[in-house]
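A.B. asks: Sequence below, structure please.
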Amino acid sequence: MAGAQESPQVAALRRFSRFYTRQLGLLDEHLLDSGFSLTEVRLLYEIVRQPGRTAAELGRALALDAGYLSRILRCFEAQGLVRRGVHASDARSSTLAATAKGAKALAPLEEGASAQAAALLSHLDSAGADELRLAMQTVERALTPNPRGTPEPIVLRPHQVGDVGWIAHRQGLLYAEEHGYDETFEALVAEIAARFARGFDPKWERCWVAEQGGRIVGAVFVVRKSARVAQLRLLYVEPAARGQGLGARLVDECIRFARAKGYKSLMLWTQSHLEAAGHIYIARGFVLQKQEPHRSFGKSLIGQYWVLNL
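C.D. replies: Below you'll find the model as predicted:
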């Protein structure tokens, strides 16, 4: 069987597609008992929402066969749902717009679709609804082609409610997956993050959270160790955001902040095997002050203390 050769990723995507189409009733011949098919409703939606587009533009946007699209449009015109107009710059093309009857036909379908979605979400609390929203954003982002290969811009912002717990969660998972650390590392990160949140002094301390496409992809903290010394803590970058210079950018923000606040030095504690971070520190003038072996997080490690004189 062909299905036996599917990768787990392909099988999971197909399973989700079957679940999704069943949940939304997309297998029904007529969507929401309307007399329109799913394709017809989607096409009418686009014409109502964005009047003035040509049939060719709609066909490309919805990936519809030209012959199939033409048949639907003729049917819409015969029903008085759509009218054609003269294209402003190309006399050979005509534009499409919905009539008042077409807009009226779409309105109950919009209301029905919203009610259907609300019913599907009704059993979720706010946390579950937020989790689902983020998951859908992840699916949409992952399946959207990026022909130029240009990643979305990364934006740095201050921390907000929910960030500190999320950062501890993600670092615990990433260090377990990538370096084999046990749960005591997550506990340490959670303690550091909680201490920062409880005693946060915006005059002397800062957290930068990096977002890309609405998703957190990295973070770093600067905390006040003494009147003269600031400490860089909990630097991390998500795997999907690596290779874009984000780690260096976060460290640079820490250095600029520490200098602006009048600290005399910026120190940090890291592990010798975290070589990518080490290269960033060396390139910015940090000096390795001390290193010592220790047993932590279920591993035998070599801790390193780096200092940058400001």
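
A.B. asks: what's across from the closest residue to residue 309 other than its chain neighbours in the sheet?
C.D. replies: Of all residues not flanking residue 309 in the chain, residue 265 sits nearest, at 5.3 Å (Cβ to Cβ, 6 or more residues apart in numbering). The C-beta positions use only the backbone N, C-alpha and C, and glycine is treated the same way. Residue 265 has the following beta-bridge partners by DSSP bridges: residue 229, residue 309.

A.B. asks: residues contacting residue 265?
C.D. replies: 228-230, 307-310 (Cβ atoms under 8 Å, 6 or more residues apart in numbering).

A.B. asks: Mind doing that once more with 10 Å?
C.D. replies: Contacts here follow Cβ atoms under 10 Å, 6 or more residues apart in numbering; on that basis residue 265 touches 225-226, 228-231, 258, 286-287, 307-310.

A.B. asks: Filter those residues down to the buried ones.
C.D. replies: Among the contacts of residue 265, those classed as buried by 16 or more other Cβ atoms under 10 Å are 229-231, 258, 286, 307-308, 310.

A.B. asks: just to revisit the earlier point, need the per-residue pLDDT for the residue nearest to residue 309.
C.D. replies: pLDDT recorded at residue 265 is 96.

A.B. asks: again with residue 147
C.D. replies: 56.

A.B. asks: just checking, next helix/strand downstream of the helix or strand hosting residue 73?
C.D. replies: Assigning secondary structure by DSSP states H and E places residue 73 in helix 66-78. Of the helices and strands lying after helix 66-78 in sequence (DSSP H and E), the nearest is strand 82-86.

A.B. asks: what's near enough to touch residue 163?
C.D. replies: With contact set as Cβ under 10 Å, 6+ apart, residue 163 has these partners: 157, 193, 197, 207, 209, 216, 219.

A.B. asks: Test my guess that the fifth one contacts residue 156.
C.D. replies: Yes - taking Cβ atoms under 10 Å as the contact criterion, residue 209 and residue 156 are neighbours in contact, 7.1 Å apart.

A.B. asks: overlap in contacts of these two?
C.D. replies: Contact criterion Cβ under 10 Å, 6+ apart; residues shared by residue 209 and residue 156: 218-220, 250.

A.B. asks: Which of those sits closest to residue 22?
C.D. replies: Residue 22 has its nearest neighbour among those in residue 218, at 37.7 Å by Cβ to Cβ.

A.B. asks: Now do the SS call for that closest one.
C.D. replies: Recorded secondary structure, residue 218: strand (DSSP: H, G, I helix; E, B strand; the rest coil).

A.B. asks: And whatever helix or strand residue 9 lives in, what does it pack against?
C.D. replies: Taking DSSP H and E as the criterion, residue 9 maps to helix 8-23. For helix 8-23, the packing partners by 3 or more Cβ pairs under 10 Å, 6 or more residues apart in numbering; DSSP states H and E come out as helix 126-143.

A.B. asks: Now do the helix it packs on against helix 8-23, angle only.
C.D. replies: Angle of helix 126-143 versus helix 8-23, following axes from the mean of the first three to the mean of the last three Cα atoms, to 10 degrees, is 120 degrees.

A.B. asks: Now the element after helix 126-143, going C-ward?
C.D. replies: Going down the chain from helix 126-143, the next helix or strand is strand 154-158, by DSSP H and E.

A.B. asks: For that following strand, give me every contacting residue.
C.D. replies: With Cβ under 10 Å, 6+ apart as the contact definition, strand 154-158 has outside contacts at 163, 202, 206-214, 216-220, 237, 241, 244-246, 249-250, 253.

A.B. asks: low-scoring pLDDT stretches of the stretch 51-200 of the chain, where are they?
C.D. replies: Within the stretch 51-200 of the chain, the ranges that satisfy pLDDT under 70 run 88-92, 145-150.
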